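Chemist: Take a look and give me a structure for this.
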Amino acid sequence: MATKEYSFKYGRKEVRFSLDPQLVMGELTIQDYPPLKDPVAEILKAIRNPIQSRPFRQIGKPGQTVCFLVNDPTRIANSHVFMPLLLDELNAAGVPDKDMFILFSLGAHRLLPETEMAQLVGPETAKRVKMYNSDARDPSQFKYAGKTSRGNEVYFHKRAMEADHVVCTGSVVYHFFCGFGGGRKALFPGVTRYDTICRNHALLLEPGAVAGRLKGNPAYEDQVEGTEMKRPSFLLNVVLNEKREFLQVYAGDYIQAHLEACKFVESIYGTPIDGLADLVIATCGGYPKDINVYQLQKTMDNAWLAVRPGGVVIILGECEEGVGDDLYLEWMKKYKTPERIEAEIRANFVVGGHKAYAVTRLMKKAQFILISSLDPDLSRTLLFTPAKDMKEGLQTALAKVGPQPRVLLMPQGSLTVPIPKG
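Modeler: Sure thing, here's the model as predicted:
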């Protein structure tokens, strides 16, 4: 049997494995689209000719304060490229560096040390403006903004609330229950209080909270309604490829510019497939997309769309930072089955617990084999089938689906969203 060698990213390195190419029904990659030759020029063009907004330079006036919301390491946006340009543009409008600052949109993620902040925005920006974490679990950092029609009491970080202008930045990709990332997410849930995040994320249990959908998506609509309580003055969103190269830049009104970015993401990341596979082999795309199990779930969701009921998914994700959320692990140890976890999350919604639900609901459809650096017993606690390498992973998978499975490969698993034809 002739075989072909494949190479998938895993952590900071690559894993190679061989398959009979006749078994491979497809290899999903984002649409071939040329990266921008001059990203700096395109960023300046976007902020000077924005979508349904005044040019960025006209947003801030001397004496006003500007809060920039910036992604954390789990959502790459190349902030180090555009942040100096945004600061320079407002300098030209008479707003000095001392009246601008960065607030990192951490949501419920871990806090960032200053060294990591500087890596994200670049050393020049780090020297020019003050930078802050948004700690969702410290109520003293937040100020009440209002209540949404869904009953969510919205608290935003005081620094954002007290600034004259909030500027949302970030990158746009599919999101498993908010439709798409980017846009309003920099503010909500990026710099909201923990209980506000929980109430919003609980909407993932409702119909319509799915990837690729904004209209009729309860989580998205709740976020926008809350965001309007401290309406951002401007948005800069980028779309990147897996090499972190710029594909497009969108700027202007935080809703309209984001909608244009989402249309582009659909055309690039949406990948038609010819039926469901017996076996899906997917990688998150290496570090930092596979930094922990919490981030791994995005790839699982995409692979889940491509596998048949009763099939198998092999996930390559190193998880160098482990599980990524203590409460997620606590729930897995305590409730143990997808059914009990779902019952508990419906009765008592908490962030972390929602990830336990988001992961284990996928396991009702297919077996998930995980190749990672996690202890095998920990993988089993999380309801994965652990495998020490691809050889073992393939042996386990073929024992279930047979020696001649229809195989789908997802070398960019966190990005590509399989769309069955018809």
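Chemist: For the strand or helix carrying E339, enumerate the helices and strands it packs against.
Modeler: Taking DSSP states H and E as the definition, E339 sits inside helix 338-347. In terms of contacts (3 or more Cβ pairs under 8 Å, 6 or more residues apart in numbering; DSSP states H and E), helix 338-347 is packed against helix 326-335, helix 353-360. Quick note: C-beta positions are derived from backbone N, CA and C, even for glycine.
Chemist: Would you mark the buried spots in it?
Modeler: For helix 338-347, the neighbour count (16 or more other Cβ atoms under 10 Å) marks 338, 341-342, 344-345 as buried.
Chemist: and it with helix 326-335, angle?
Modeler: Per axes from the mean of the first three to the mean of the last three Cα atoms, to 10 degrees, the angle that helix 338-347 makes with helix 326-335 is 120 degrees.
Chemist: And the contacts of helix 338-347?
Modeler: 205, 331-332, 335, 353-354, 356-357, 360-361, 363-364, 383 (Cβ atoms under 8 Å, 6 or more residues apart in numbering).
Chemist: correct me, but G179 touches G208?
Modeler: No: between G179 and G208 there is no contact under Cβ atoms under 8 Å: 9.1 Å.
Chemist: list the residues that contact both of those two?
Modeler: Common contacts of G179 and G208 (Cβ under 8 Å, 6+ apart): N217.
Chemist: how many other residues sit next to G285?
Modeler: 24 (other Cβ atoms under 10 Å).
Chemist: Retrieve the pLDDT associated with it.
Modeler: If you check G285, the pLDDT there is 91.
Chemist: cool, G270 as well?
Modeler: 90.
Chemist: how close does it get to V173?
Modeler: From G270 across to V173, the span is 11 Å (Cβ to Cβ, to the nearest Å).
Chemist: pull the helix or strand with minimum mean pLDDT from this structure.
Modeler: Of all helical and strand segments in the chain, the minimum by mean pLDDT, DSSP states H and E falls on strand 417-420, at a mean of 87.
Chemist: same for that strand, what does it pack against?
Modeler: Applying 3+ Cβ pairs under 8 Å, 6+ apart, we find strand 417-420 packed against strand 270-273, helix 293-304.
Chemist: G179 and G208: who's more crowded?
Modeler: More neighbours surround G179 than the other of G179 and G208, with 23 against 16 (other Cβ under 10 Å).
Chemist: Serialize the helices and strands packed on helix 338-347 to CSV and add fields for mean neighbour count.
Modeler: Converted to CSV, those look like this (neighbours: other Cβ atoms under 10 Å):
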stretch, mean neighbour count
helix 326-335, 17
helix 353-360, 24
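Chemist: Include distance to I59 when you put those into CSV, please.
Modeler: Supplementary listing: the helices and strands packed on helix 338-347 in CSV, determined by distance: least, Cβ to Cβ, whole Å:
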stretch, distance to I59
helix 326-335, 39
helix 353-360, 35
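Chemist: returning to what we had before: if I take the helix holding E339 and helix 353-360, what angle do their directions form?
Modeler: Per the same axes, to 10 degrees, the angle that helix 338-347 makes with helix 353-360 is 150 degrees.
Chemist: Just the pLDDT for K289.
Modeler: In this prediction K289 is given a pLDDT of 88.
Chemist: Spell out the secondary structure type for it.
Modeler: The three-state label given to K289 by DSSP: H, G, I helix; E, B strand; the rest coil is coil.
Chemist: Now do it against P84, distance only.
Modeler: Taking Cβ to Cβ, one finds K289 at 26 Å from P84.
Chemist: just to revisit the earlier point, nearest to S79, of the helices and strands packed on helix 338-347?
Modeler: Nearest of the helices and strands packed on helix 338-347 to S79, taken as Cβ to Cβ: helix 353-360 at 25.0 Å.
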